[in-house]
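Engineer: build the 3D model from these lines:
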Amino acid sequence: MFRESVLRDLPPADRALFLEFGAGPIRTPPFDHVHHAFERHAERRPHVTAVEHLGESLTYGELDARASLLAELLVRRGVRPGDHVGLFLSRSIAMVVGILAVLKAGATYVPQDTRTATEERLRHVVRTARIDVVLSTTADALPAHLAAVVTIDDLPDVRSFSRTITPDAEIAAVVFGSGAGVRVSHANLCNLLLTAPGSLGVTTGTRVAHLLDIDSGVAMWEVLGTLANGGTLVIRGDDAGPAASTAEVIIATPGVLASLDPDACRRVHTVAVAGDRCPRDLADLWSRRAIFHNAGGRTEVSIVNTVQRYRPRTGPLTFGRPLPNTTTYVLDQELHPRPIGAAGEMWAGGACVTAGYLGDGDLTAQRFRPDPFLGGDHLMFRTHVLGRWTSDGELEHLGPPAGVTAHPRRRSLSRASWSA
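Structural biologist: Modelled structure (predicted):
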């Protein structure tokens, strides 16, 4: 519930619309840890296919068994609740086993794609996240003396074992995308993945393509969103086309979506884009064939915090409205609310705000501020993006403020050239 006292400078009509537009609906996700949602599907429908990749597949029952075994091996190697475990490999079924195993062990996974990450980048991630154990495969080359390496595809053939009960972690993943590591919580992920519209209608057996690099925030939406809702994750090979052509749901960046041929993706009924601003013509092309969701956000707000169901005939392409249990504000430089229709900087609050940057308290303090609208210990995140509310309560994207870069004070962590 907003504190109306901080809205006193707005005219009464704008005050009412600020309250109406700025907060998503109140919903209660059925789980507060992502792997618990997966385990429920594995228990109820163990024979449903959970993941496919280049002709190989695992059912929910098989995937759960392998992930549980690996989780126990991690615990016996000394991994403790809250520890960071590296997941340094490429897209594969082993990757999915590794993610679930780390979560089952009560730890936090830190993904890096070995096809694109430099040695210097991997060493920086290990050092910054204080990683002692890295999960990988025999097909992935890692630098020497990086950490203790556990190869997922070398798991022993153990059919029965005793699981060590461990507490669950609060943080599911630390994502080093194009900057410092962002700590993403289980609760925030469940809020996106297990409520509409973020659940994208995925249900038992829905085929969802996994097209993105594993170290991107949006890849969590693909992978964990599928498994938390009982769907079938279809992992691409070198070419994204074959996986997309058999999928029913595609979650991608606009750039990856633009590389696909819609005529070859006739089974697709739902598309969601995030990560970059979507061109109108791309949205028009796909919205003629499928339900099209245009999402706004970034990893710091647990992947996305606003979503529009785009309908070309009824309005412009926008970032839409706040997700359930989240808030969005359009503010001036003094953090005062802007009138409806006036441009200002977008801030995000509520159940999307992550736990900040790993090991960078100064940057966390710059980008995450106390939320005066929700009060208490709530924080809000500064997006460094200008926007404004349309008359019907959707967020229009206006680009970055003058003189401000998208990632102030952040060192480049590009895969091509990383400098510590």
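Engineer: burial count for residue 281?
Structural biologist: Per other Cβ atoms under 10 Å, the neighbour tally for residue 281 reads 9. From N, CA and C alone the C-beta is placed, and that goes for glycine too.
Engineer: return the per-residue confidence for it.
Structural biologist: According to the prediction, residue 281 has pLDDT 97.
Engineer: over to the one 10 residues further on?
Structural biologist: Here, the pLDDT recorded for residue 291 equals 98.
Engineer: which ones are touching it?
Structural biologist: Residue 291 is in contact with 201, 269-271, 309, counting by Cβ atoms under 8 Å, 6 or more residues apart in numbering.
Engineer: so what's the closest residue to residue 38 other than its chain neighbours up against?
Structural biologist: The shortest distance from residue 38 to any non-neighbouring residue, by Cβ to Cβ, 6 or more residues apart in numbering, is to residue 227 (4.6 Å). Counting by Cβ under 8 Å, 6+ apart, residue 227 touches 34, 37-38, 41, 50-51, 96, 100, 233.
Engineer: over to residue 247?
Structural biologist: Applying Cβ under 8 Å, 6+ apart, the residues contacting residue 247 are 207-209, 234, 265, 267-268.
Engineer: can you verify the residue nearest to residue 38 is assigned to a strand?
Structural biologist: No - applying DSSP: H, G, I helix; E, B strand; the rest coil, one finds residue 227 to be helix, outside a strand.
Engineer: so which of the contacts of residue 227 comes closest to residue 62?
Structural biologist: Of all the contacts of residue 227, residue 62 sits closest to residue 50, with 7.6 Å by Cβ to Cβ.
Engineer: quick one on the thing from earlier: restricted to buried residues, select the contacts of residue 247 in PyMOL.
Structural biologist: Provided next is the PyMOL selection string for whichever of the contacts of residue 247 are buried by 16 or more other Cβ atoms under 10 Å:
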select buried, resi 207+208+209+234+265+268
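Engineer: so where's this protein uncertain?
Structural biologist: Low-confidence segments of the chain, defined by pLDDT under 70: 1-4, 178-179, 402-420.
Engineer: which SSE is immediately downstream of the longest helix along it?
Structural biologist: The single longest helix within the chain, with elements called by DSSP state H, is helix 60-76. Per DSSP states H and E, the first helix or strand lying C-terminal to helix 60-76 is strand 84-89.
Engineer: now the angle between helix 60-76 and that next one, please.
Structural biologist: Orientation check (axes from the mean of the first three to the mean of the last three Cα atoms, to 10 degrees): strand 84-89 against helix 60-76 gives 130 degrees.
Engineer: the contacts of residue 227 in strands, which ones?
Structural biologist: Among those, the ones falling in strands (DSSP state E) are 50-51, 233.
Engineer: so which residues of this structure form helices?
Structural biologist: So, for the chain - with DSSP H - the helices run 12-22, 34-44, 60-76, 93-104, 119-129, 186-193, 217-228, 240-245, 254-258, 280-287, 361-367.
Engineer: ok, which of those helices comes nearest residue 392?
Structural biologist: Residue 392 sits nearest to helix 12-22 of all the helices of the chain, at 9.0 Å, using Cβ to Cβ.
Engineer: in that closest one, what counts as buried?
Structural biologist: Buried positions in helix 12-22, judged by neighbour count with 16+ other Cβ under 10 Å: 14-15, 17-18, 21-22.
Engineer: coming back round to it: for the helices of the chain, which one sits closest to residue 342?
Structural biologist: Comparison of the helices of the chain against residue 342 by Cβ to Cβ identifies helix 12-22 as nearest, at 9.0 Å.
Engineer: that closest one packs against which elements?
Structural biologist: strand 326-331 (3 or more Cβ pairs under 8 Å, 6 or more residues apart in numbering; DSSP states H and E).
Engineer: let's see that with 10 Å instead.
Structural biologist: strand 321-322, strand 326-331, strand 344-350, strand 379-389 (3 or more Cβ pairs under 10 Å, 6 or more residues apart in numbering; DSSP states H and E).
Engineer: ok, residues contacting stretch 6-15?
Structural biologist: For stretch 6-15, contacts defined as Cβ atoms under 10 Å, 6 or more residues apart in numbering pick out 2, 4, 16-19, 21-22, 335-342, 371-375, 389.
Engineer: and that stretch, how far out from the chain's middle?
Structural biologist: Centre-to-centre, stretch 6-15 and its host chain are 34 Å apart (Cα atoms, centre = their mean, to the nearest Å).
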